[in-house]
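sequence first, then the predicted structure:
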Amino acid sequence: MADEILNRVTSSGLVSLDLEEILPQFNIEVIDLKGQLWQELMLKEKDFRAWIKETDWSAFQDQHVSIVCTADAIIPTWAYMLVASALAPFAQTVSTDSSDELRKSLALAFVKNMSVVEYADARIVVKGCSDESIPLEAYTALVQKLQPVAKSLLFGEPCSTVPIYKKPRK
């Protein structure tokens, strides 16, 4: 009679949470105003308004859009506002943040709005290894979101974790 092999990780009652699996893919489209500058120095309002009118903004349907200028030029606020106005009926998100900053903001908003019902009184392991680059801010926001409801928080893999938080016994 062979001894049965027990999977201690499975029987531990740990709940694994992988941000890479639950975080939506945030594909960021970047609109660089550099191409609209006259001699890479300044915007001409008439030409800029013509570009706004001629551009097919529906190509940005349901996209997250970052409006930037990679040239060393002063872009008036109204220019960003005109592009945002043109994108408003189509884009899901419009920002003047860099694509990395926008990705952080979207990840933070996702964590802030996620349901924690399934994590109440759970021993949670937040997975530490991921193929995608998860913003650090998402992990810190996750701690703030889960700590009030979790029994404990750990970081890493179920077989090798770093304790983050343990609810005090009453």
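Nice, I can see it. None of the values given here were measured: they were computed from a predicted structure.

can you give me how far the helix or strand residue 126 falls within is from the chain middle?
Per DSSP states H and E, residue 126 falls inside strand 123-127. The chain centroid and the centroid of strand 123-127 are separated by 20 Å under CA atoms, centre = their mean, to the nearest Å.

now do stretch 115-126
Centroid separation between stretch 115-126 and its chain, computed with CA atoms, centre = their mean, is 20 Å.

between the two ends of that stretch, how far is it?
End-to-end distance of stretch 115-126 (CA to CA, to the nearest Å): 15 Å.

show me where pLDDT drops low in the protein?
1-12, 130-132 (pLDDT under 70).

redo that, cut-off 90
1-13, 20-27, 40, 128-135, 157-161, 169-170 (pLDDT under 90).

grab the longest helix from the chain for me.
helix 99-113 (DSSP state H).

packing partners of that helix?
strand 28-32, strand 64-68, strand 93-95, helix 136-146 (3 or more CB pairs under 8 Å, 6 or more residues apart in numbering; DSSP states H and E). Bear in mind the C-beta positions are built from the backbone N, C-alpha and C, glycine included.

which non-adjacent residue is nearest the residue sitting nearest the centre point of the chain?
Closest to where the C-alpha atoms of the chain average out (CA atoms, centre = their mean) is residue 107, at 2.3 Å. Nearest residue to residue 107, sequence neighbours excluded (CB to CB, 6 or more residues apart in numbering): residue 138, at 4.1 Å.
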